[in-house]
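Asker: sequence first, predicted coordinates after that:
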Amino acid sequence: MSNNSNSNSNSSSSNNNRYKYKYKVVKLMYKMMMMLGNDDPEVVNKDKSSTDNIPKLIEVSQKPRIYRIPKFLTDEECEHLIETSKNKLKPCNEISSGVHRSGWGLFMKEGEEDHPVTQNIFNRMKTFVNLTESSEVMQVIRYNPGEETSAHFDYFNPLTTNGAMKIGLYGQRICTILMYLADVEEGGETSFPEVNVKVKPIKGDAVLFYNCKPNGEVDPLSLHQGDPVIKGTKWIAIKLVNQKNTGSSAP
Ligand SMILES: O=C(O)CCC(=O)C(=O)O
Ligand SMILES: [Fe+2]
């Protein structure tokens, strides 16, 4: 009896072990399947961004901070920005000072920025940066072959009277969001000569770069230019992102 009961309990404990073992194997296989599916945080984010339509930032450079944002604009948004500005462009050398630009451009008027398409674009920008009330209006620029923008900084130089005045008016231009509204056949890259980075214009993509270091000082590495277009037409929209103007820097 006792032997029997012993042997029974032995066999039931070995059965138990077998079940435990099987259970562990099944659990492990389940975990592996989940990992192959979407357990990786990167993969989960990627899925989320495609379903929620939140584009992803891809780091191009750490110093200065430069990011590419693929598919930031839809084709319809690119076409809307081109269509609404193409008949109003003026030669760039008439609208900007200090920088040699040979393209054609316009600053959107405040009312034009209220269009639902533009507002939607600004809301998307707000997932990456702080757009303040005092931010400057968006610009649209077109470059034909041979046209370019020479190397310059987007920040206001705090050491000049003009720069200090503009910092007081709008807030420092912390970063820039440059959107490509069309593909360019050849040339027209946005180049950062201090760090040897060239960003190729691809319709719908954006590049976000910081003109200031994380501590707020202006960053000389942010020097950039629009290379001459060789073949095709380059269309861009630019939004300068100003630091919140608290009024404390005003005289
Ligand atoms: O055309 C480009 O790629 C750069 C333009 C630019 O930097 C600017 O307009 O401030
Ligand atoms: Fe610029």
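Answerer: It's in. Ligands and ions are numbered 1, 2, ... in the order given.
Asker: quick one, what contacts His100?
Answerer: The contact partners of His100, by C-beta atoms under 8 Å, 6 or more residues apart in numbering, come to 93, 148-150. Where you see a C-beta, it was placed from the backbone N, CA and C, and this is true even at glycine.
Asker: how about 10 Å then?
Answerer: His100 makes contact with 92-93, 148-152, 225, according to C-beta atoms under 10 Å, 6 or more residues apart in numbering.
Asker: with Lys198 instead?
Answerer: 60, 189-192, 227.
Asker: what does Phe72 give?
Answerer: Phe72 is in contact with 55-57, 78, 121, 124-125, 128, 177, 179-180, 204-208, counting by C-beta under 10 Å, 6+ apart.
Asker: among those residues, which ones are in helices?
Answerer: Applying DSSP state H to the contacts of Phe72, the entries found in helices are 78, 121, 124-125.
Asker: could you measure Tyr170 against ligand 1, distance?
Answerer: 15 Å (C-beta to the nearest ligand atom, to the nearest Å).
Asker: and what of Leu181?
Answerer: When distances are taken as C-beta to the nearest ligand atom, Leu181 and ligand 1 turn out to be 11 Å apart.
Asker: next: Ile236.
Answerer: The spacing between Ile236 and ligand 1, counted by C-beta to the nearest ligand atom, is 5 Å.
Asker: that residue: how many residues sit nearby?
Answerer: By the other C-beta atoms under 10 Å criterion, the neighbourhood of Ile236 contains 25 residues.
Asker: hmm, back to that, could you dump the ones in helices among the contacts of Phe72 into a markdown table and include neighbour count, distance to ligand 1 and pLDDT?
Answerer: As requested, these are arranged in a markdown table below (neighbours: other C-beta atoms under 10 Å; distance: C-beta to the nearest ligand atom, whole Å; pLDDT from 0 to 100):
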| residue | neighbour count | distance to ligand 1 | pLDDT |
| --- | --- | --- | --- |
| Cys78 | 19 | 15 | 97 |
| Ile121 | 23 | 17 | 94 |
| Arg124 | 18 | 20 | 94 |
| Met125 | 21 | 16 | 93 |
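Asker: what's across from the closest residue to ligand 1 within the stretch 51-200 of the chain in the sheet?
Answerer: Closest residue of the stretch 51-200 of the chain to ligand 1, C-beta to the nearest ligand atom: Thr190 (3.4 Å). Beta-bridge pairing of Thr190, defined through DSSP bridges, involves Val199, Gly226.
Asker: number of residues surrounding the nearest residue to Gln243 once chain neighbours are set aside?
Answerer: Take Gln243 and drop its neighbours on the chain: the residue closest to it by C-beta to C-beta, 6 or more residues apart in numbering is Gly171, 4.0 Å away. Taking other C-beta under 10 Å as the neighbour definition, Gly171 ends up with a count of 23.
Asker: roughly how far apart are the nearest residue to Gly146 once chain neighbours are set aside and ligand 1?
Answerer: Nearest residue to Gly146 in three dimensions, chain neighbours excluded: Pro228, at 5.8 Å (C-beta to C-beta, 6+ apart). With distances defined as C-beta to the nearest ligand atom, the gap from Pro228 to ligand 1 amounts to 10 Å.
Asker: wait, what's in contact with Pro228?
Answerer: Pro228 makes contact with 102, 143, 145-149, 187-189, 234, according to C-beta under 10 Å, 6+ apart.
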